[in-house]
Structure formats: structure tokens, C-alpha cells
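>>> Fold the following for me, if possible:
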Amino acid sequence: MIEIPEEKLLEDITDLLMNELPKVLLEIEEQSDDGRHLPPFRYVGSPEKLPPGSGLPHAFLDFEDASLTEKDRIIKNVIYSMKITIKLAELDLIWCYFACLEKVLYQKKINTYRIQVINKSRTGNFLIKVKYSNKIG
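Residues are numbered from 1 along each chain as shown. This next block holds a predicted model:
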């Protein structure tokens with residue numbers, strides 16, 4: 001069976017957001033003095049598949065672009081741009097979520113990926129570049 005890199009990448013990022021991020025959110029919440037609650041995501045995936053009645057917070061994943069430089073073509077790397085859009089009830093917590101998300105992405109090494117944060121905005125958009133290597137793993 002041929003594995004499609006985009007599907008694998010979505011599965012891995014979803015797994016990080018659903019299983020690893022809650023641990024970091026709880027850690028930050030416990031260290032904080034302000035008593036704010038940082039709930040884990042209730043849904044992670046494409047906006048089209050959001051179940052009706054799903055409460056906040058949730059994260060939408062979307063591929064922006066896939067490209068190959070000449071060097072990447074030779075060594076069989078694909079570079080994806082992926083947007084993670086975070087929807088929160090309290091938008092002023094967005095920077096806490098971004099910090100936790102960055103910590104998870106850099107802390108949890110995924111063998112076949114090199115992840116770089118490109119942009120963050122207070123509207124909840126988090127843009128990352130992911131270099132996928134077909135040869136590793």
C-alpha cells in the first residue's frame with residue numbers, strides 16, 4: 001500500500017494537537033497564577049468535517065502549498081505549507097495556545113519532518129512549513 005505524505009502529515013499533526021498539546025496546556029495552566037483554564041481542542045481537522053454542535057476550542061488544518069526546489073527534488077523532499085487555524089471562546093488566550101503549540105511541534109520530533117513556524121496572527125492563524133523527507137523513517 002502506498003502511503004500518501006499529505007494524509008500521513010495530517011494524521012501526525014492531528015495526533016500532536018489531540019494527544020500531546022493537552023499535556024503542555026495543562027502544564028502551563030498549572031504554572032500560571034491567573035487561574036485561566038486552557039482547555040484541549042475538541043476537534044482537529046478540516047472545517048468541512050466539523051461535527052455539528054462541536055464546542056470550542058477547535059483547530060482547522062489546511063494545506064496551503066506543496067513545493068520542491070531542485071535540491072529537494074534530488075533528495076526526495078517535499079515542502080508543505082500548512083495553516084492551523086485556532087478557534088477559541090476567549091481570543092485573548094491565543095498567544096498561550098501558540099506558545100504551547102510551538103513547544104509541542106519543536107519538542108516532539110517526528111522522524112520524517114522538519115517543522116518551521118512561519119507566521120502567527122492574533123486572529124488565530126498559525127502558518128508552518130513542513131519539510132517531508134521520503135527517505136527517512
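>>> hey, let's count contacts and neighbours off CA atoms from now on
Will do.
>>> Report the helix or strand with the lowest average pLDDT across the chain.
helix 70-75 (a mean of 68; mean pLDDT, DSSP states H and E).
>>> what separates stretch 82-91 from the chain centre, distance-wise?
Taking Cα atoms, centre = their mean, to the nearest Å, one finds stretch 82-91 lying 10 Å from the centre of the chain it belongs to.
>>> Same question for it: list its buried residues.
Applying a neighbour-count criterion of 16 or more other Cα atoms under 10 Å, one finds 82, 83, 84, 85, 86, 87, 88 buried in stretch 82-91.
>>> Can you report phi and psi for the fourth one?
In this entry, residue 85 is assigned phi and psi values of phi -100, psi 120 (degrees, to the nearest 10).
>>> Is it in contact with residue 57, as I believe?
No: using Cα atoms under 8 Å, residue 85 makes no contact with residue 57, being 10.6 Å away.
>>> before we move on, the earlier item: now the buried residues of stretch 82-91 as TSV including pLDDT and distance to residue 33?
Formatted as TSV, the buried residues of stretch 82-91 follow (pLDDT from 0 to 100; distance: Cα to Cα, whole Å):
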residue	pLDDT	distance to residue 33
82	86	33
83	88	31
84	90	28
85	91	27
86	92	24
87	92	24
88	92	21
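>>> so where's this structure uncertain?
Regions of the chain meeting the criterion pLDDT under 70 cover residues 1-4, 68-69, 71-76, 108-112, 132-137.
>>> Going by length in residues, pull out the top helix of it.
Identified as the longest helix of the chain according to DSSP state H is helix 94-107.
>>> after it comes which helix or strand?
Per DSSP states H and E, the first helix or strand lying C-terminal to helix 94-107 is strand 113-120.
>>> tell me the phi and psi of residue 126?
As for residue 126, its main-chain torsions (degrees, to the nearest 10) stand at phi -130, psi 110.
>>> where along this protein do the strands fall?
Taking DSSP state E, the strands of the chain run over residues 43-45, 58-67, 77-87, 113-120, 125-133.
>>> Which of those sits closest to residue 19?
Closest to residue 19 of these is strand 43-45 (Cα to Cα; 10.9 Å).
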